[in-house]
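Trainee: Sequence first, then the predicted structure, then my questions.
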Amino acid sequence: MSDSAVPPSATTSDEATPPGSLWARMKADPQYAPEHLALEAVRRLGPEARDWAGRVREEQPGITEEALAQLAVRRFTNHARLSGAVSGATGLPGAVVDVGVLAWTQARMVLHVAAAYGLDPTDPERATDLLVLQRVHKIAESARLALGVAAGRERASRLFAGAADRPLTGVMVKLGVKLAQMAGVRAAKRMFAKIVPGAAVLLGTWANSAATKDLARRTREQYSAA
């Protein structure tokens, strides 16, 4: 298998975690954190997913859509499995970072799978897909409405400005819960297990893998039928 048969974005450090500008928007507007993440993912990660799929098809002309999708799923599922164990942050901030990285990794997987099935991962409609596939919204219409609200609320901000000098507030809790919902971590205790020494690695690894595999199944079912 050639190197390009593995999504290069899975190991590109600049794209492996949500950018600082996105964290700032999500902290400033935690209620719409999933929508902000979906919009940024399509803008930032859509082009790399498109380019990856095109490059693999050029190098392996006979590759099927299913095989190409499987490459993306395998890579990003492995990446998600590790993401809950590698963060050096602790406590509630660490838990929020972990679920944010997981949601971002899952969004990358969805966009790569979309590209594998011949859909344009840079199309704004992929943000709608993300929110429905990740079960933030039940139907596309409500997802589009929420995305429109979030887009109108985007604003420049500094990443966690002054956070080190302030006590943790409900904003961080709300942000963590919204991102955990997006990432498929249904039980809040899974996210907050980060606070318990030793519990986070095992629980985080299991939860991340299970949630990402479930999302991969739904994504392939939807896009293969498109």
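Mentor: That came in fine, so what should we check first?
Trainee: Need the pLDDT of residue 113.
Mentor: Note on residue 113: pLDDT of 98.
Trainee: For burial, what's the neighbour tally of it?
Mentor: By other CB atoms under 10 Å, 29 other residues sit near residue 113. Every residue, glycine included, has its C-beta placed from N, CA and C.
Trainee: what do you get for residue 177?
Mentor: 18.
Trainee: where does it land on pLDDT?
Mentor: For residue 177, pLDDT reads 83.
Trainee: Any figure for the gap between it and residue 95?
Mentor: 10 Å (CB to CB, to the nearest Å).
Trainee: same thing with residue 39?
Mentor: From residue 39 over to residue 95 (counting by CB to CB), the distance is 23 Å.
Trainee: what does residue 110 give?
Mentor: 23 Å.
Trainee: Let me see the mean pLDDT of the helix or strand in which residue 210 is found.
Mentor: Secondary structure assigned from DSSP states H and E places residue 210 in helix 199-224. Averaged over helix 199-224, pLDDT sits at 78.
Trainee: One more: stretch 53-61?
Mentor: On average, stretch 53-61 scores 95.
Trainee: what separates it from the chain centre, distance-wise?
Mentor: 24 Å (CA atoms, centre = their mean, to the nearest Å).
Trainee: buried sites along that stretch?
Mentor: 53, 56, 57, 60 (16 or more other CB atoms under 10 Å).
Trainee: Can you tell me the element the third one falls in?
Mentor: I take that to be residue 57. Using DSSP H and E, residue 57 falls in helix 33-59.
Trainee: how about the strands in this structure?
Mentor: Taking DSSP state E as the criterion, the chain contains no strands.
Trainee: so where's this protein uncertain?
Mentor: 1-14, 83-91, 155-169, 185-207 (pLDDT under 70).
Trainee: repeat that for 50
Mentor: Applying pLDDT under 50 to the chain picks out residues 1-13, 155-167, 187-188, 197-203.
Trainee: Would you quantify the distance from residue 120 to residue 226?
Mentor: Counting by CB to CB, the separation of residue 120 from residue 226 is 11 Å.
Trainee: who has more neighbours, the two?
Mentor: residue 120 (15 against 9).
Trainee: hang on, that one packs against residue 53?
Mentor: No - using CB atoms under 8 Å, residue 120 makes no contact with residue 53, being 10.2 Å away.
Trainee: if we can go back for a sec, which single one of the buried residues of stretch 53-61 is nearest to residue 144?
Mentor: residue 53 (24.9 Å; CB to CB).
Trainee: For that closest one, which non-adjacent residue is spatially closest?
Mentor: residue 115 (3.7 Å; CB to CB, 6 or more residues apart in numbering).
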